[in-house]
Structure formats: structure tokens, C-alpha cells
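S.K.: 3D, please:
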Amino acid sequence: MRKKIFIGIFLLVGLITLALFVVYLLQTSGVYGQYECTVYTEETTGDPVNLLPNYSYYRLELKLNRTFVMTSLIKGQEEASTATGTFTKSRQTITLTYAKGQNPVEAVIFPSEVFVYRNGTLNRNQSGSFSGTSFQTTVVQEFVKKR
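M.R.: Below is the predicted model of the structure:
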């Protein structure tokens, strides 16, 4: 009787360990996980402006349920800015779409943000304009997956 209980407990621990390992693999492989912004420039008129030094941090988390959380803290501010939404993945392309009411200023110019995923890095080089005006901007961002 003791031997059967021991074997049962051993199998249960083994299955739990296997399940945790599978979840770990899903989180660390592919696009899912946490990313840190390493490049953030914007060009509206003239030369590109490096915006990254204005931030204490700029992070993106892609979740298994196809949602994302974008979090950033501008230097000198006490409270971080957080935006959420959903994303789609098509081969090497990741498209972020903000939830209604999130990121209202940039959403006018970019209804969605399009990234190319390669080797743990998300790259965005996207141009947009505001309809009815001559305003045009190009944003370049790079997010590197945190290991």
C-alpha cells in the first residue's frame, strides 16, 4: 500500500514538474514574453529625434492570450503610463491594436503598430499622417526580449 502511494505521489510531482516546464517553454520561446525598448526615434520634420533618453523605462509584454501591456515611465514623473490591447501574429509580423480609449493621440496617426519579429527582437519602422493636414511622422522602435 505504501509503495502505491509513493508511486502515485512521485507521478503527480513528475506531471506537475512537466506542466511547469511546458509553461516555461511557451513563455520563453516565440514572441511571448517581456521586451525592453532599446531604440525609440521619431521624425516629424528634419532629423530623427531620439526619444528614449526621456524615459526611465519603456516595456512591452506580449501574453499567451494574445493581449499586450505597454508600460513606460517618463523621467521626472511619478506614475507610469500603461496601455493595453490585443495583438495578432502572422509569420514574422506582430500587429498591436490598442483597446478603445488607450493611446488616443498616437492611435489617430497609427490605428495599429506593426512590428517585425526576428531573433528575439521586435522592430517597428512605421510612417503615418494625420488626415486633412500635411503632418507626417515616422517612428522607429526596437524592443529586445528580456531573457
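S.K.: what stretches of the chain score poorly on pLDDT?
M.R.: 25-30, 103-107, 132-135 (pLDDT under 70).
S.K.: and for K146, the neighbour number?
M.R.: K146 has 11 neighbours, counted by other C-beta atoms under 10 Å. Heads up, the C-betas are built off the backbone N, CA and C, glycines and all.
S.K.: once you drop chain neighbours, what's closest to it?
M.R.: Q34 (4.7 Å; C-beta to C-beta, 6 or more residues apart in numbering).
S.K.: buried set for the host helix or strand of the one you found?
M.R.: Using DSSP states H and E, Q34 maps to strand 33-43. For strand 33-43, the buried set under the neighbour-count rule, 16 or more other C-beta atoms under 10 Å, comprises 33-35, 37, 40-41.
S.K.: of those, closest to I9?
M.R.: Of all these, I9 sits closest to G33, with 32.8 Å by C-beta to C-beta.
S.K.: who touches the closest one in this structure?
M.R.: By C-beta atoms under 8 Å, 6 or more residues apart in numbering, G33 lies in contact with 27, 61-62, 145-146.
S.K.: just put these in a markdown table and tack on distance to S131 and secondary structure.
M.R.: Shown next, in a markdown table, are the contacts of G33 (distance: C-beta to C-beta, whole Å; DSSP: H, G, I helix; E, B strand; the rest coil):
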| residue | distance to S131 | secondary structure |
| --- | --- | --- |
| Q27 | 40 | helix |
| E61 | 31 | strand |
| L62 | 30 | strand |
| K145 | 35 | strand |
| K146 | 37 | coil |
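S.K.: just the buried members of those residues?
M.R.: Buried among the contacts of G33 (16+ other C-beta under 10 Å): 62, 145.
S.K.: what is the nearest of the contacts of G33 to S127?
M.R.: Of these, the one sitting nearest to S127 (C-beta to C-beta) turns out to be L62, at 23.4 Å.
S.K.: just list whatever residues bridge to that closest one.
M.R.: Going by DSSP bridges, L62 is paired in beta bridges with G33, F68.
S.K.: so who does it touch?
M.R.: Counting by C-beta under 8 Å, 6+ apart, L62 has contacts 31-33, 35, 68, 87, 94.
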